[in-house]
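Trainee: Next come a sequence and a model predicted from it.
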Amino acid sequence: MPGVIPVFDGHNDAITREGAPDLSRRLPDGHLDLPRMREGGMRGGIFAIFTPSSGAASRQVRFPRGVHAEPLAPPVPCEHAAAHARVAAERLAALEKAGELVLARGIGDVDAAFDGSTPPVAVLHLEGAEAIDPGLESLADWHARGLRSLGPVWSRANAFATGVQFAFPSSPDIGPGLTDRGEALLTACAELGILVDLSHMNEAGFWDVARMDLGRPLVASHSGAHAISAASRNLTDPQIDAIGASDGLVGIVFATAFLRPDFADDPETPIALIAEHARYVADRIGVEHVALGSDFDGATVPAELGGADGLPRLLQALRDAGFNEEELLAVCWRNWRRVLAAWWR
Ligand code: ZN
């Protein structure tokens, strides 16, 4: 009888999902809320704050099968993003005040959530750094507010870097790399103890970060293997190798378009395909560099999984793909714990 495996998930969009529903209740739709987390054994996760580009009604895009190339999303002004992000961060703070979750400020908060004796732990993450002014004056304020993880870009350009648009089949090598301000942002994050997430960044930016040699692991919180699904959002083998060499990790995304060899945004995608990406990365660079990064409430995930309450079904798929209990614990919790500790030291 396998023991209970607690899950730390590297990326969800529940806090900025449309309508800002109360996550303390079991919601009739969506992927993630506190009751679903309890049911599925999810005891921690990175909670993203995402500000949509104006004019874009929703980030939920239906991808047709076959060739696909979207333009980059329009840029978002700093003032707008900052105001939007502050409101979202307050939503997370209110859940903490209500005793529903604990906002991670140090690795001890992650450790405390492991055995389920405290509320689950939430890492506050900015998905796209538009809320940070290019002079970085607000970064320390955000750290004080609880920011512990940041993706410099979403799939658009900003003062710091350029993201990959959604394209298939396509290499992630689209557009220019980090700007000087982007380099300054990375350095400041390393100094303050804010993890930098490379999912959504284009390949030029990825290699610029790798070359900076910050002494911190390379982390892609929610991506897949380009060798299986040739989407611009996925990681090429050289990128995966660099992540392994840095002692970093790939949080395997559950978004069906980035899992499937045909890029179809199709809920009838088998859960086993998530395990297949995990297996691929583990076989290539080692199980200690594989983790989970669902993209719950940010993308279509396999219907067979459902939401956070369905995580035990994913654990079974990982077992079926050959991961033993010790390896599952690494994939589901310990690997995230290691890279968070390395950035927060
Ligand atoms: Zn994302």
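Mentor: Happy to help now that I have it.

Trainee: hey, which helix or strand in this structure has the poorest pLDDT?
Mentor: Least confident helix or strand, the chain: strand 68-69 with a mean of 89, by mean pLDDT, DSSP states H and E.

Trainee: Show residues contacting that one.
Mentor: Gln165, Phe166, Ala167, Phe168, Ser170, Phe263 (CB atoms under 8 Å, 6 or more residues apart in numbering). To be clear about C-beta, it is placed using only N, CA and C from the backbone, and glycine gets the same treatment.

Trainee: Next, format the residues you listed as TSV and append pLDDT, neighbour count and distance to Gly108.
Mentor: Below are these laid out as TSV (pLDDT from 0 to 100; neighbours: other CB atoms under 10 Å; distance: CB to CB, whole Å):
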residue	pLDDT	neighbour count	distance to Gly108
Gln165	93	20	39
Phe166	94	21	38
Ala167	95	20	41
Phe168	95	24	42
Ser170	96	20	42
Phe263	94	25	41
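
Trainee: between those residues, which is nearest Ser223?
Mentor: Nearest to Ser223 among the contacts of strand 68-69 is Phe166, at 12.8 Å by CB to CB.

Trainee: Confirm that Arg38 sits in a helix.
Mentor: Yes. Arg38 forms part of a helix when assessed by DSSP: H, G, I helix; E, B strand; the rest coil.

Trainee: thinking Ala272 is in contact with Gly322, fair?
Mentor: No. Counting by CB atoms under 8 Å, Ala272 does not reach Gly322; the two are 11.9 Å apart.

Trainee: Of those two, give the one with the bigger neighbour count.
Mentor: For Ala272 versus Gly322, neighbours defined as other CB atoms under 10 Å are more numerous around Ala272 (17 against 13).

Trainee: for the closest residue to the more buried one other than its chain neighbours, what are its contacts?
Mentor: Excluding its sequence neighbours, the residue lying closest to Ala272 (CB to CB, 6 or more residues apart in numbering) is Ala317, at 5.1 Å. Listed by CB under 8 Å, 6+ apart, the contact set of Ala317 reads Ile271, Ala272, Ile274, Ala275.

Trainee: And for Gly40?
Mentor: Neighbouring residues of Gly40 by CB under 8 Å, 6+ apart: Val7, Gly307, Ala308, Asp309, Gly310, Leu311, Pro312.

Trainee: now it, nearest residue through space, not along the chain?
Mentor: Leaving out its chain neighbours, the residue that sits closest to Gly40 by CB to CB, 6+ apart is Leu311, at 3.7 Å.

Trainee: Tell me which helix or strand the one you found sits in.
Mentor: Here Leu311 sits within helix 311-320, counting by DSSP states H and E.

Trainee: how about the CA coordinates for the helix or strand just after that helix, as PDB?
Mentor: Sequence-wise, the next helix or strand downstream of helix 311-320 (DSSP H and E) is helix 325-329. C-alpha atoms of helix 325-329 as PDB (Å, rounded to 0.1, in the frame of the first residue of the first chain):
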ATOM      1  CA  GLU A 325       7.700   5.900  -4.100                       C
ATOM      2  CA  GLU A 326      11.000   7.600  -3.200                       C
ATOM      3  CA  GLU A 327      11.100   9.200  -6.700                       C
ATOM      4  CA  LEU A 328       7.500  10.300  -6.500                       C
ATOM      5  CA  LEU A 329       8.300  12.200  -3.300                       C
END
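
Trainee: Give me the buried positions along helix 325-329.
Mentor: By neighbour count on 16 or more other CB atoms under 10 Å, the buried set for helix 325-329 is Glu327, Leu328, Leu329.

Trainee: Find me the pLDDT at the residue nearest to Ala272, would you?
Mentor: pLDDT recorded at Ala317 is 98.

Trainee: Would you state the strands of the stretch 101-250 of the chain in chain order?
Mentor: Assigned by DSSP state E, counting those that start in this stretch, the stretch 101-250 of the chain shows strands spanning 102-103, 121-127, 147-151, 167-168, 195-196, 219-223, 249-252.

Trainee: partner strands of the third one, parallel or antiparallel?
Mentor: With DSSP bridges as the test, strand 147-151 is paired with strand 121-127 (parallel), strand 195-196 (parallel).

Trainee: Identify the single longest helix in the chain, thanks.
Mentor: helix 78-97 (DSSP state H).

Trainee: Could you name the helices and strands sitting against that one?
Mentor: When contacts are defined as 3 or more CB pairs under 8 Å, 6 or more residues apart in numbering; DSSP states H and E, helix 78-97 packs onto strand 42-49, strand 102-103, strand 121-127.
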